[in-house]
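Enquirer: next come a sequence and a model predicted from it.
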Amino acid sequence: MSKLFELHRAIDARVDNIRDNRPDWLCGKGCDNCCRRLAEVPQLTAAEWDLLRRGLGTLPADRLHEISRDMAALSSQSARPLVCPLLEESSGACPVYLQRPIACRTYGFYAQRELGLYCHEIETQVSNGVLADVVWGNHDAIDQQLKVLGESKPLTEWFLSWEHNEQIQKAKQQ
């Protein structure tokens, strides 16, 4: 976990630097545009999943049931964009924000050389020259660091496997 937390600290430092220099930055509390417009199901490393699973384990059973329903639907959904199954629709908040994956932490603050930016609002500002002075984080470097954190699988696979294992454990205890 320490490598993951080191990566979190580096990402948080970049994010804080951008926010400190741009108090009007679009990404912040109350903005859930990226959560509502996912291009793909997020990929998580084993270390990221371990951390996220701990956060999920603190949620009330009824909220976990809703997430489970949304994960199952998402795993077979082909239409895009996708809505994050962890997002609380009414509040636009993430119930596991502190344990969120790297993809969520870097979105809107990091760019990939070949792929560019994804947030429409940020892309519009970049196109208009408004964010020309921003020093973006290098997502290609983040991807290289993620490779050492274990295998990577879609969030839905991690969740459905965990849920299945939880059900087996409960059955054994009965």
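Expert: Received it, and whenever you're ready, just let me know what you need.
Enquirer: pLDDT below threshold where in the chain?
Expert: With pLDDT under 70 as the threshold, the chain has low-confidence stretches at 1, 115-118, 167-171, 174.
Enquirer: okay, which residue is most central for it?
Expert: Cys104 (2.9 Å; C-alpha atoms, centre = their mean).
Enquirer: can you confirm that residue is in a helix?
Expert: Yes - checked against DSSP: H, G, I helix; E, B strand; the rest coil, Cys104 lies within a helix.
Enquirer: can you tell me how far it is from Ile11?
Expert: Counting by C-beta to C-beta, to the nearest Å, the gap between Cys104 and Ile11 amounts to 10 Å. All C-beta spots, glycine's among them, are computed from the backbone N, C-alpha and C.
Enquirer: what sits in contact with each of these two?
Expert: Counting by C-beta atoms under 8 Å, 6 or more residues apart in numbering, Cys104 and Ile11 have no common neighbour.
Enquirer: hmm, back to that, show me the contacts for the residue nearest to the centre of the chain.
Expert: Here Cys104 is in contact with 34-35, 42, 94 (criterion: C-beta under 8 Å, 6+ apart).
Enquirer: now it: how far from Ser76?
Expert: Counting by C-beta to C-beta, the separation of Cys104 from Ser76 is 22 Å.
Enquirer: just Leu52 next, same as before
Expert: As defined by C-beta to C-beta, Leu52 lies at a distance of 21 Å from Ser76.
Enquirer: any chance you could map the strands in this protein?
Expert: Under the criterion DSSP state E, the chain contains strands at 43-45, 110-111, 137-138, 152-154.
Enquirer: will you turn these into JSON lines that also has distance to Gln99 and mean neighbour count?
Expert: Compiled in JSON lines, these are given as follows (distance: least, C-beta to C-beta, whole Å; neighbours: other C-beta atoms under 10 Å):
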{"stretch": "strand 43-45", "distance to Gln99": "11", "mean neighbour count": "22"}
{"stretch": "strand 110-111", "distance to Gln99": "19", "mean neighbour count": "20"}
{"stretch": "strand 137-138", "distance to Gln99": "20", "mean neighbour count": "18"}
{"stretch": "strand 152-154", "distance to Gln99": "17", "mean neighbour count": "16"}
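Enquirer: reformat those as TSV; add distance to Asp70.
Expert: Compiled in TSV, the strands of the chain are given as follows (distance: least, C-beta to C-beta, whole Å):
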stretch	distance to Asp70
strand 43-45	16
strand 110-111	26
strand 137-138	29
strand 152-154	14
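Enquirer: output stretch 124-132 as CSV, nothing but the C-alphas.
Expert: Presented in CSV, the C-alpha positions along stretch 124-132 are these (Å, rounded to 0.1, in the frame of the first residue of the first chain):
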residue,chain,number,x,y,z
THR,A,124,-13.4,24.2,-24.1
GLN,A,125,-11.2,26.4,-21.8
VAL,A,126,-8.0,24.9,-23.2
SER,A,127,-9.3,25.5,-26.8
ASN,A,128,-10.0,29.1,-25.9
GLY,A,129,-6.5,29.6,-24.4
VAL,A,130,-7.8,30.2,-20.9
LEU,A,131,-5.7,27.4,-19.3
ALA,A,132,-2.5,28.0,-21.3
